[in-house]
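Participant: Test case, fold it:
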Amino acid sequence: MADEITKAQVTWPGSDTVFRKMIHKEIPAKIIYEDDQCFAFHDISPQKPTHFLVILKKHISQISAAAVDDEILLGKMQIKNIMSYHFIPNRMATINKTK
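Facilitator: As a prediction, the model looks like this:
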C-alpha cells in the first residue's frame with residue numbers, strides 16, 4: 001500500500017497511468033460518459049453490479065494538490081457521480097484520497 005501511495009504522490013501531468021491511457025483510448029474501457037473535462041467508466045473489478053469511476057481529464061494527483069481553479073471541475077465530477085448515483089438502487093458514492 002505504501003508503494004501505491006508514493007506512486008500517486010509523485011505522478012505528474014502526462015505520466016503513463018492507466019487512467020491517461022483510457023482517456024487517450026490507448027487501452028479499452030467501458031465508457032459510460034465522456035466530455036472534454038471528465039470521463040466515467042465501469043470498474044474492471046466491480047464490487048457491485050453498477051460500480052463505475054468518474055475521473056477528470058485534467059491531471060490532479062491528489063485532492064490536496066488541486067488548485068482553486070479546479071473547484072469547478074471537481075464539482076462537475078461530483079455532480080456527474082451523484083446524478084448517476086441517484087438512479088441506481090443499492091448505491092454508494094466514494095471519493096478516494098491518497099495521503
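Participant: Beyond the helix or strand bottoming out on mean pLDDT in the chain, next helix or strand please.
Facilitator: Using mean pLDDT, DSSP states H and E, helix 2-9 stands out as the lowest-scoring helix or strand of the chain, at a mean of 65. Past helix 2-9, further along toward the C-terminus, the next helix or strand under DSSP states H and E is helix 18-23.
Participant: With just CA atoms, put that following helix into CSV.
Facilitator: Taking Å, rounded to 0.1, in the frame of the first residue of the first chain, the C-alpha atoms of helix 18-23 are listed here in CSV:
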residue,chain,number,x,y,z
VAL,A,18,-3.8,3.6,-16.7
PHE,A,19,-6.3,6.5,-16.5
ARG,A,20,-4.3,8.5,-19.0
LYS,A,21,-4.2,5.5,-21.3
MET,A,22,-8.0,5.1,-21.0
ILE,A,23,-8.7,8.8,-21.7
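Participant: Can you name every helix or strand that that helix contacts?
Facilitator: Helix 18-23 is packed against strand 38-42, with contacts defined by 3 or more C-beta pairs under 8 Å, 6 or more residues apart in numbering; DSSP states H and E. To be clear about C-beta, it is placed using only N, CA and C from the backbone, and glycine gets the same treatment.
Participant: Relative to the helix or strand following the strand it packs on, what are the paired strands and their orientations?
Facilitator: Of the helices and strands lying after strand 38-42 in sequence (DSSP H and E), the nearest is strand 52-56. Taking DSSP bridges as the criterion, strand 52-56 pairs within the sheet with strand 38-42 (antiparallel).
Participant: if we look at the partner strand, which residues are touching it?
Facilitator: With contact meaning C-beta atoms under 8 Å, 6 or more residues apart in numbering, strand 38-42 is reached by 19, 22-23, 29-34, 51-57, 73, 76-77, 80-81, 84.
Participant: Put the buried members of those into a ChimeraX selection.
Facilitator: Taking 16 or more other C-beta atoms under 10 Å as the burial criterion, the selection of buried members of the contacts of strand 38-42 in ChimeraX is written as:
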select :19,22,23,29,52,53,54,55,56,57,73,77,80,81,84
